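Chemist: Sequence below, structure please.
(one chain, ligands or ions: 1)
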Amino acid sequence: MATTYTAKDITVLEGLEPVRKRPAMYIGSTDVRGLHHLVWEMLDNSVDEALNGYCTAITLRLEKDGGVTVTDNGRGMPVDIHPKTKRPAIETILCTLHAGGKFDHTAYKSSGGLHGVGASVVNALSEVLIVTVERDGYEWTQEFSRGKPKGNLKKGKPTKAHGTSVYFRPDPEIFSKTIFNYKNILDVSESKAFLNKGLKITIENARDGEKPVTFKYDNGIQDYIKRIVSGTVLVNPEPFYFEKEDDFKIECAVHWTTATDAEIHSYANSINTSDGGTHEMGVRAGLTKAVRAYAERKNLIPKNIKTIATEDVYEGLYGIVSVLVMNPQFQGQTKEKLNNPEILSPIEASVKNACEAYLLGNPTMADAVVKRVLLAAEARMASRAAKDNVTRKLSSLKLNLPGKLADCSSNKVDETEVFIVEGESAGGSAKMARDRKTQAILSLRGKILNVEQVASLERIQQNNEIKNLLATLGCGVGAHFDLNKLRYNRVILMTDADVDGAHISVLLLTFIYRYMPELIAHGHVYLAMPPLFKIEAGKDVFYAMDEMEKDKIVTKLNNRKYEVGRFKGLGEMNPETLKATTMNPKTRTLMRVQVLDHKATGDVFERLMGKDPKARFTFIQERASYAELDI
Ligand code: 28G
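Modeler: Residues are numbered from 1 along each chain as shown. Model (predicted):
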């Protein structure tokens, strides 16, 4: 293997005193976590050699004396004499802070954040460190204590091999605890093996007398994803796998499962980026675009689903993203987020292309994936509808509802209704008679506009009663009408069973018919049918909606003595009677307003609400005597 690297490429910075003075600044803490950073640092140095294609095997050995030995078969730390320091490169690497080659940017390195502190930090914080290098035909050794050389670099026996081996024993003056966690070391080592396909990592544990464990995964992250999804139901039995290297290297493997949660494990230069970052974002966006494009191309999206969202594609998705970048930018409190903006759109574009090709090439799996994604989209829409119900309730807390509205308490639009009543006393009775949970009362107490005589919607909307009505219904008006925002399932006009009552009903119906016709078309508008007569025969009480009904009842009473009373208005009825006759869904009669003939209806309204008051009233009286006041 040709090595053109020489000692003059090293940038010398400073000594190791600062590291021993403030260890936490370099390794995060001096507890067990910090202790393990020493191991990760060494392991990462070896992995770096592997990332750059010079190392195929790493051994990590827990020693009986509490130390650790990390060995790799890479190029070996350079041993030539540095022209400035006149010391061997290896000594400079281990005894100077931030010592690094000038050509760093041409190689991948796992260094970044806490991990990037260098072998010198490990040296500074170890009571003993012995480095053995095989390179340039010989074995070389040097020993250190607490960051200082115990002697010069020694040239040993000749060897054709190459590699680096570092034994270190953490300094008990620095660390509160110096016992390594074997299980933790196994786990981290295995993930490094998964992320570097073909790399052999062996863990020996002489300390506890365990058998060596070797990790080697020739299919890298594809083996890793298999492990992660084992035990779940797969939607695509073969993962989507993608790999590409130009300015940087990207590799990802993805399974869709029937699980409702999701996990993307992301790594940058073999370091776990648990907070994600630009690599993960690029993959997510690429997958979404690919699934969307495929589903659109194959016409698989039903009408009720507006669009496939990123979150739909993400549901049940298990994936691994691994990137290698020259200059990783780690961000965030714990440096566990990758922030290299330049990789985002190339990743998105290439993942999109590759995933779309994967879907097109595997139609059976692709259709299963699309089905899974559409299911998530449906669930999302259903939960949004449920949320809207809550929002409705919340919006009533915002006090933008009229004071004249006594709202109901239910969040479920489907079970609710609003009674529009006219007048103070009617409103009072209705409030007492209602079921608070499902029935709301809006009392209109001012002059209701005759909209047929007012030119613009703008002017109509300035009318206070209309304003209150619009705020109560919530569904907007005219071009802004949105039936989904209707706050009640039934809008019930409840006016006195007399000429004035009918007049108000017609005014309201005109407004609704002109400016929110969908409300009628979808069957949301009703007329309440309060009784006009009360017939008492001894203990029996009967109610009649009109003359005809009254006559029927009276005839049936034969020769019994009876008395007929006439309600002047809703306000006159006691709440119990109002409830039983007009409001209780179990005992009342409602009339649903329907438009059967638009042309005829328009004419009727014009006649009703036009300039000729005489024509208007005759019509109402005529019609009011019939039970069917459909328009
Ligand atoms: C055994 C414990 C951990 C290592 C190497 C190989 C080279 C090296 C190490 O160079 C200067 C700084 C970063 C590149 C590089 C050898 C180039 C040519 C190396 C290790 C230059 C140090 N020949 N293997 N350092 N680097 N293994 N394992 O530490 O930019 S450290």
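
Chemist: check contacts around residue 351.
Modeler: Contacts for residue 351 (CB atoms under 8 Å, 6 or more residues apart in numbering) come out as 242, 250, 252, 282, 283, 285, 286, 287, 290. For the C-beta atoms, the positions are set from N, CA and C on the backbone; glycine is no exception.

Chemist: what's across from the third one in the sheet?
Modeler: When bridges are taken as DSSP bridges, the partners of residue 252 come out as residue 242, residue 321.

Chemist: can you start the count at 55 instead of 1 from here on
Modeler: Sounds good: first residue 55 from here, last item residue 306.

Chemist: I figured it hits residue 293, correct?
Modeler: No. Contact criterion CB atoms under 8 Å: residue 306 and residue 293 do not qualify, at 9.3 Å.

Chemist: pLDDT weak spots in the stretch 505-654 of the chain?
Modeler: 509, 650-654 (pLDDT under 70).

Chemist: quick one, helices of it?
Modeler: With DSSP state H, counting those that start in this stretch, the ranges of helices along the stretch 505-654 of the chain come out as 511-514, 518-527, 553-569, 571-575, 601-610, 629-632, 652-663.

Chemist: same question, the stretch 55-204 of the chain
Modeler: Using DSSP H, counting those that start in this stretch, helices in the stretch 55-204 of the chain cover 71-75, 78-81, 86-105, 143-149, 173-178.

Chemist: what's the most buried one of these?
Modeler: Using mean count of other CB atoms under 10 Å, the stretch among the helices of the stretch 55-204 of the chain with the largest mean neighbour count is helix 173-178, at a mean of 26.

Chemist: and that one, what does it pack onto?
Modeler: helix 71-75, helix 86-105, helix 143-149, strand 217-224 (3 or more CB pairs under 8 Å, 6 or more residues apart in numbering; DSSP states H and E).

Chemist: residues of stretch 124-139 that come out buried?
Modeler: 124-133, 135-136, 139 (16 or more other CB atoms under 10 Å).

Chemist: okay if I get the residues you listed as CSV plus distance to the ligand and pLDDT?
Modeler: Putting the buried residues of stretch 124-139 into CSV (distance: CB to the nearest ligand atom, whole Å; pLDDT from 0 to 100) gives the following:
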residue, distance to the ligand, pLDDT
124, 4, 98
125, 6, 98
126, 5, 98
127, 10, 98
128, 4, 97
129, 4, 96
130, 6, 96
131, 4, 95
132, 5, 94
133, 9, 95
135, 14, 92
136, 11, 82
139, 14, 77
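
Chemist: Strands - which of those land there?
Modeler: Members of these lying in strands (criterion: DSSP state E): 124, 125, 126.

Chemist: My guess is the first one contacts residue 98. True?
Modeler: No. Using CB under 8 Å, residue 124 makes no contact with residue 98, being 9.9 Å away.

Chemist: circling back: ranking the contacts of residue 405 by neighbours, who comes first?
Modeler: Compared across the contacts of residue 405, residue 306 has the highest neighbour count, 30 neighbours, by other CB atoms under 10 Å.

Chemist: Got the confidence number for that one?
Modeler: If you check residue 306, the pLDDT there is 98.

Chemist: which residues sit in contact with the closest residue to residue 468 other than its chain neighbours?
Modeler: Spatial nearest neighbour of residue 468, excluding adjacent residues (CB to CB, 6 or more residues apart in numbering): residue 543 at 5.3 Å. Residue 543 makes contact with 467, 468, 469, 470, 471, 578, according to CB under 8 Å, 6+ apart.

Chemist: In CSV, list the helices of the stretch 55-204 of the chain along with mean pLDDT and distance to the ligand.
Modeler: Output for the helices of the stretch 55-204 of the chain, formatted as CSV (pLDDT from 0 to 100; distance: least, CB to the nearest ligand atom, whole Å):
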stretch, mean pLDDT, distance to the ligand
helix 71-75, 93, 17
helix 78-81, 89, 16
helix 86-105, 93, 3
helix 143-149, 92, 5
helix 173-178, 96, 6
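
Chemist: got the ones you listed as TSV, with distance to residue 457 columns?
Modeler: Shown next, in TSV, are those (distance: least, CB to CB, whole Å):
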stretch	distance to residue 457
helix 71-75	69
helix 78-81	61
helix 86-105	60
helix 143-149	78
helix 173-178	69
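
Chemist: Please name whichever of those helices is nearest to residue 310.
Modeler: helix 86-105 (29.8 Å; CB to CB).

Chemist: Look through this protein and report the residue furthest from the middle.
Modeler: Of all residues in the chain, residue 613 has its C-alpha farthest from the mean position, at 74.1 Å, by CA atoms, centre = their mean.

Chemist: circling back to that earlier point, can you tell which of the helices and strands packed on helix 173-178 is closest to residue 597?
Modeler: So among those, helix 86-105 is nearest, using CB to CB, at 80.1 Å.

Chemist: Now tabulate the ones in strands among the buried residues of stretch 124-139 in JSON lines and tack on distance to residue 229.
Modeler: Listed next are those as JSON lines, based on distance: CB to CB, whole Å:
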{"residue": "124", "distance to residue 229": "18"}
{"residue": "125", "distance to residue 229": "23"}
{"residue": "126", "distance to residue 229": "25"}
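
Chemist: Could you please name the strands the longest strand seen in the chain pairs with and the direction of each pair?
Modeler: Across the chain, the longest stretch assigned as strand under DSSP E is strand 180-189. Next to strand 180-189 in the sheet, as set by DSSP bridges, lie strand 192-199 (antiparallel), strand 217-224 (antiparallel).

Chemist: Which stretches in the stretch 255-404 of the chain count as strands?
Modeler: Counting by DSSP state E, counting those that start in this stretch, one finds strands in the stretch 255-404 of the chain at the ranges 264-269, 294-299, 303-310, 317-322, 325-326, 371-378, 384-385, 391-392.

Chemist: quick one, which of those strands is nearest to the ligand?
Modeler: strand 371-378 (14.7 Å; CB to the nearest ligand atom).

Chemist: Report the rounded mean pLDDT for that closest one.
Modeler: Strand 371-378 shows a mean pLDDT of 97.

Chemist: List the buried residues in stretch 348-361.
Modeler: 348, 349, 354, 355, 359.

Chemist: Among the residues you listed, name the ones that also lie close to the ligand.
Modeler: When CB under 6 Å from any ligand atom is applied, no member of those is adjacent to the ligand.

Chemist: Among the residues you listed, find the lowest-pLDDT one for me.
Modeler: For the buried residues of stretch 348-361, the pLDDT minimum is residue 359, 90.

Chemist: surely that residue meets residue 430?
Modeler: No. Using CB under 8 Å, residue 359 is not in contact with residue 430; the gap is 10.2 Å.

Chemist: Return stretch 290-310 as CSV; C-alpha atoms alone will do.
Modeler: The C-alpha trace of stretch 290-310 is given here as CSV (Å, rounded to 0.1, in the frame of the first residue of the first chain):
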residue,chain,number,x,y,z
ASN,A,290,-41.9,-5.1,1.4
PRO,A,291,-40.1,-8.4,2.0
GLU,A,292,-37.0,-7.1,0.1
PRO,A,293,-35.7,-3.8,1.5
PHE,A,294,-35.2,-0.8,-0.7
TYR,A,295,-31.4,-0.4,-0.8
PHE,A,296,-29.5,2.4,-2.3
GLU,A,297,-25.8,3.3,-2.4
LYS,A,298,-23.9,6.1,-4.1
GLU,A,299,-20.5,7.7,-3.9
ASP,A,300,-19.3,10.9,-5.5
ASP,A,301,-18.6,14.0,-3.4
PHE,A,302,-19.8,12.1,-0.5
LYS,A,303,-21.0,8.5,0.2
ILE,A,304,-24.6,7.7,1.0
GLU,A,305,-26.1,4.3,1.8
CYS,A,306,-29.6,3.6,2.9
ALA,A,307,-31.9,0.6,3.5
VAL,A,308,-35.6,0.8,4.1
HIS,A,309,-38.4,-1.5,5.0
TRP,A,310,-42.1,-0.6,5.4
